[in-house]
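Q: below are the sequence and a predicted model for it; my questions follow.
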Amino acid sequence: MNVKPIALGVLIAATLASGVQAQTPGQGRQIAKQIAADLGLQRKDVKSCVKTLDKPAERGAATDEQRAANKEKLITCLQQVNPDLSEELISATIDKYRLQ
């Protein structure tokens, strides 16, 4: 399996920190692409914001508080990319791709 460490790190950070869950690196990239498309951004912008999130100490061990804090961080970062995006739109878009 040839997965770039940075891509895997971004996948893990995105899925654990924001509450969006992915099963594979490819699925994580697809989720970032879909979120970016829904928000009218480029995937690199979403990826860049995800890199600023705090990762839990152990994979899958993020608390509800950590996820909420990271979601707020992600919203703030994405609004810096495009100030016209509302918190409600970003939050709904992130939630749309959360797997139950």
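A: That came through, no problem. Because the structure is predicted, anything quoted here is derived from the model rather than measured.

Q: next, the buried residues of stretch 78-91.
A: By 16 or more other CB atoms under 10 Å, the buried positions in stretch 78-91 come out as Leu78, Gln79, Val81, Leu85, Leu89, Ile90. Yep, even glycine has a C-beta here, placed from its N, CA and C like the rest.

Q: from those residues, pick the one nearest Leu41.
A: Leu41 lies nearest to Val81 out of the buried residues of stretch 78-91, by CB to CB, at 6.0 Å.

Q: hmm, Lys47 and the closest one touching each other?
A: No. Using CB atoms under 8 Å, Val81 is not in contact with Lys47; the gap is 11.2 Å.

Q: which stretches of this protein have low pLDDT?
A: Applying pLDDT under 70 to the chain flags residues 1-28, 58-60, 99-100.

Q: quick revisit: can you pick out the most distant pair from the buried residues of stretch 78-91?
A: Taking CB to CB, the two most distant members of the buried residues of stretch 78-91 are Val81 and Leu89; they sit 13.0 Å apart.

Q: can you check which helix is longest in the chain?
A: Longest helix in the chain by number of residues (criterion: DSSP state H): helix 64-81.

Q: roughly how far apart are Arg29 and Glu65?
A: Separation of Arg29 from Glu65 (CB to CB, to the nearest Å): 27 Å.

Q: the two: which is more packed in?
A: Neighbours per residue (other CB atoms under 10 Å) separate Arg29 from Glu65, with Arg29 holding more: 17 against 8.

Q: the more buried one: which element?
A: Using DSSP states H and E, Arg29 maps to helix 25-39.

Q: that helix packs against which elements?
A: The contact analysis (3 or more CB pairs under 8 Å, 6 or more residues apart in numbering; DSSP states H and E) places helix 25-39 against helix 5-17, helix 43-50, helix 87-96.
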